[in-house]
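**Q** What would the 3D arrangement of this be:
(chains A and B)
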Amino acid sequence: MSDTSRHEALIQALGEQLTPVRRLLSPWRRTLGWMLLVAVMASLLLWRFGAEPMMRRWEHTPDLAIAAIGALLTAISAAWAAFSLGVPGRSRAWIWLPVPPALLWIGASGVGCLRVLLSGDAHAHTAVDCLFLIIGFSIPLSVLMIVLLRRACPLSPVRTAVLIGLASAGASAVLLEICHSFISTGTDLALHALAVFIVIAVNAAMGGRLLQPRQNLRS
Amino acid sequence: MSGLTASGSMGLYVGTAHGTLARFPLSDDASRQLDPGDLRRAAWMAAAQTGDRRAYEQVLAEAVPLIRAAARRQGVPTDSIDDVVQETLLTIHRVRQTFDPSRSFDAWLNAIASRRAIDGLRGQGRRDRREVNDELAYENHPDGDDATRDTQRAQDDARLHEAIAGLPPGQREAVEHLALKEQSLAEAAQATGRTAGALKVNLHRALKALRQRIEGDA
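**A** Numbering: from 1, shown residues only, chains lettered A, B, ... in the order given. As a prediction, this is how the structure comes out:
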């Protein structure tokens, strides 16, 4: 069979298998859907712990509030960028969208770390809990985003997976702020950074396999 | 029949297979930036998303040369381009829900085709590293039923005759009369004027010499 007739035969076969499809929602709509899960988790934590301890902490250490805002913006922009990269033909420049808020997040956290070091208040406590909380919060957030992206077509699965990890880690850091029962220390911040790194690394390592578009050919 | 009937800031109207007009919104920017061919393909793909088979087959047929061009731009060898076309057509089918009719079809298609071309090149590279050189494999695993067997046999015969010609006269005579002409000892003795015992000794020595010569060559 010549190549032309091979293509014609395939086109005809695909035409026979054609069924109507529900068009993919726009990246911002899917970002909104994902943020809904973050909002539900935040509501549950606020219901359990209340907003007052968090507000009191932020009043004493405004850099933590700035870091939380940076983490929230990082989560939103990384999610948006991931959903945009899931659509063929969209610019790859979307990958840079979370960089400014991530710099704000890292910068404010660094200032907090410096403040703690200067005050000599770097006592150790059960900071390992933060590590597990960030990773724990990240799991459902990452899973939901992967599910939403599997219906899309991420042509750069690893880059998209890195953005998933960044979005999940950012949102988890914000959620952690609600149930953080103490003023942050250098150990906390180091473990936060480690947790964020782990979440991003795990997503990147699994991204290539998990983000392959599902097979829906009736072969 | 499916086809493009109107376009502009109000949107794009496409005749569907059922004889109705379907409107697909296009932003002013998109209408300005897309060329007519791109607009037509975008409209067909939008119709395909609703299940219009004729529009789908039309857009896929028009996509083939665009996929070829994308593959060539990525440096895919000519003999592999049609494989990229097939892979891209299959991918289009799997992810057709990701196309947004308000955006360029050609950009969407080009992104998928380029990706499949790169995947094809990587796959080819992996296969080249894994597989042995074809020429070497051919030499190591010749087909027993092809013409090379006759050639091999002819080469072996020529080598044997050459080795026989290189034997001392007495041994060569013994081989020629006893082995090649299949004469009896008496016939060979009469033909050569040598005794039967001398012929036997010469044949024995000749066979030993030939075995050493041929095994040494091999």
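**Q** what sits against the residue nearest in space to the middle of chain A?
**A** Taking C-alpha atoms, centre = their mean, the centroid of chain A lies closest to A:Ala167, which sits 1.7 Å from it. By C-beta atoms under 8 Å, 6 or more residues apart in numbering or on different chains, the contact list for A:Ala167 reads A:Trp34, A:Thr74, A:Ala75, A:Ile76, A:Ala78, A:Ala79, A:Ala82, A:Pro98, A:Leu141, A:Met145. C-beta here means a position set from N, CA and C on the backbone, and glycine is covered the same way.
**Q** and which of the residues you listed is nearest B:Gly37?
**A** Nearest to B:Gly37 out of those is A:Ala82 (C-beta to C-beta; 31.6 Å).
**Q** does that closest one belong to a helix or a strand, and which?
**A** Element membership of A:Ala82, judged by DSSP states H and E, is helix A:62-85.
**Q** From A:Met35, how far out is A:Val143?
**A** A:Val143 is 15 Å from A:Met35, where distance means C-beta to C-beta, to the nearest Å.
**Q** for B:Gly125, same thing?
**A** In this view, B:Gly125 and A:Met35 are 41 Å apart by C-beta to C-beta.
**Q** more crowded one of those two?
**A** A:Met35 (19 against 10; other C-beta atoms under 10 Å in any protein chain shown).
**Q** so what's the more buried one scoring on pLDDT?
**A** Reading off the confidence values, A:Met35 has pLDDT 95.
**Q** surely it meets A:Ile76?
**A** Yes: contact between A:Met35 and A:Ile76 holds when scored by C-beta atoms under 8 Å: they sit 6.6 Å apart.
**Q** low pLDDT regions in chain A?
**A** Applying pLDDT under 70 to chain A picks out residues A:1-2, A:112-113, A:115-128, A:181-189, A:207-209, A:212-219.
**Q** what do you get if the cut-off is 50, keeping everything else the same?
**A** Residues of chain A that meet the criterion pLDDT under 50 lie in A:124, A:215-219.
**Q** Please apply the same query to chain B.
**A** B:1-11, B:13-22, B:24, B:27-29, B:32, B:144.
**Q** if you set the cut-off to 90 instead, what comes out?
**A** Applying pLDDT under 90 to chain B flags the ranges B:1-37, B:77-80, B:102-103, B:119-218.
**Q** Near chain A, which residues of it are found?
**A** For chain B, the residues in contact with chain A (C-beta under 8 Å from any C-beta of the partner chain) are B:48-51, B:53-54, B:56-57, B:60-61, B:64, B:82, B:85-86, B:89-91, B:93-100, B:103-104, B:107-112, B:115.
**Q** can you tell me which of those residues are in helices?
**A** B:48-49, B:53-54, B:56-57, B:60-61, B:64, B:82, B:85-86, B:89-91, B:93-94, B:107-112, B:115 (DSSP state H).
**Q** Just the buried residues of those.
**A** With burial judged by 16 or more other C-beta atoms under 10 Å in any protein chain shown, the buried subset of these is B:48-49, B:53-54, B:56-57, B:60, B:64, B:82, B:85-86, B:89-91, B:93-94, B:107-112, B:115.
**Q** Just to be sure, A:Val21 is in a helix?
**A** No: A:Val21 is assigned coil when assessed by DSSP: H, G, I helix; E, B strand; the rest coil, not a helix.
**Q** got the phi/psi numbers for A:Gly86?
**A** Main-chain torsions, A:Gly86, degrees, to the nearest 10: phi -80, psi 0.
**Q** try A:Val87
**A** A:Val87 has phi and psi values of phi -110, psi 120 when expressed as degrees, to the nearest 10.
**Q** Please work out how many residues are found near it.
**A** With other C-beta under 10 Å as criterion, A:Val87 counts 22.
**Q** pretty sure it contacts A:Ala152?
**A** Yes: using C-beta under 8 Å, A:Val87 is in contact with A:Ala152, at 6.2 Å.
**Q** who touches both of these two?
**A** A:Leu24, B:Thr98.
**Q** So for the helix or strand in which A:Ser5 is found, what gets flagged as buried?
**A** Assigned by DSSP H and E, A:Ser5 belongs to helix A:3-16. Within helix A:3-16, the residues scored as buried using 16+ other C-beta under 10 Å are A:His7, A:Glu8, A:Leu10, A:Ile11, A:Leu14, A:Gly15.
**Q** Kindly identify which of the residues you listed also come near chain B.
**A** Residues of the buried residues of helix A:3-16 in contact with chain B (C-beta under 8 Å from any C-beta): A:His7, A:Glu8, A:Leu10, A:Ile11, A:Leu14, A:Gly15.
**Q** Of the buried residues of helix A:3-16, which is the nearest to A:Leu175?
**A** Closest to A:Leu175, out of all of these and judged by C-beta to C-beta, is A:Leu14, at 44.4 Å.
**Q** if I pick that closest one, what's in contact with it?
**A** B:Tyr56, B:Glu57, B:Leu60, B:Leu89, B:Leu90, B:His93.
**Q** quick one: the third one and B:Ile92 touch, right?
**A** Yes: in this structure B:Leu60 lies within contact range of B:Ile92 using C-beta under 8 Å: 7.0 Å.
**Q** Name the residues of the next helix or strand after the helix holding A:Ser5 that are buried.
**A** Heading C-terminal from helix A:3-16, the first helix or strand you meet, by DSSP H and E, is helix A:27-49. Judged by neighbour count using 16+ other C-beta under 10 Å, the buried positions of helix A:27-49 are A:Pro27, A:Arg30, A:Thr31, A:Trp34, A:Met35, A:Val38, A:Met41, A:Ala42, A:Leu45.
**Q** Check the gap between the nearest residue to A:Arg90 once chain neighbours are set aside and A:Gly165 for me.
**A** Leaving aside its chain neighbours, A:Arg90 sits nearest to A:Ser84 (4.9 Å; criterion: C-beta to C-beta, 6 or more residues apart in numbering or on different chains). Between A:Ser84 and A:Gly165 the distance is 16 Å, computed by C-beta to C-beta.
**Q** Looking at those two now, which is surrounded by more residues?
**A** A count of neighbours by other C-beta under 10 Å puts A:Gly165 above the other of A:Ser84 and A:Gly165, at 28 against 23.
**Q** Spit out the contact partners of the more buried one.
**A** Applying C-beta under 8 Å, 6+ apart, the residues near A:Gly165 are A:Ser138, A:Ser142, A:Val199, A:Ile200, A:Ala201, A:Val202, A:Asn203, A:Ala204.
**Q** what residues are up against B:Gln49?
**A** A:Pro20, A:Val21, A:Arg23, B:Arg96, B:Gln97, B:Phe99, B:Pro101.
**Q** do you know how far the last one is from A:Gly70?
**A** Yep, that's B:Pro101 we're talking about. 37 Å.
**Q** now swap in B:Ile112 and tell me
**A** 35 Å.
**Q** could you say which helix or strand contains the closest residue to A:Ala201 other than its chain neighbours?
**A** In space, and not counting its chain neighbours, A:Ala201 is closest to A:Gly165: 7.2 Å by C-beta to C-beta, 6+ apart. A:Gly165 belongs to helix A:157-179 when assigned by DSSP H and E.
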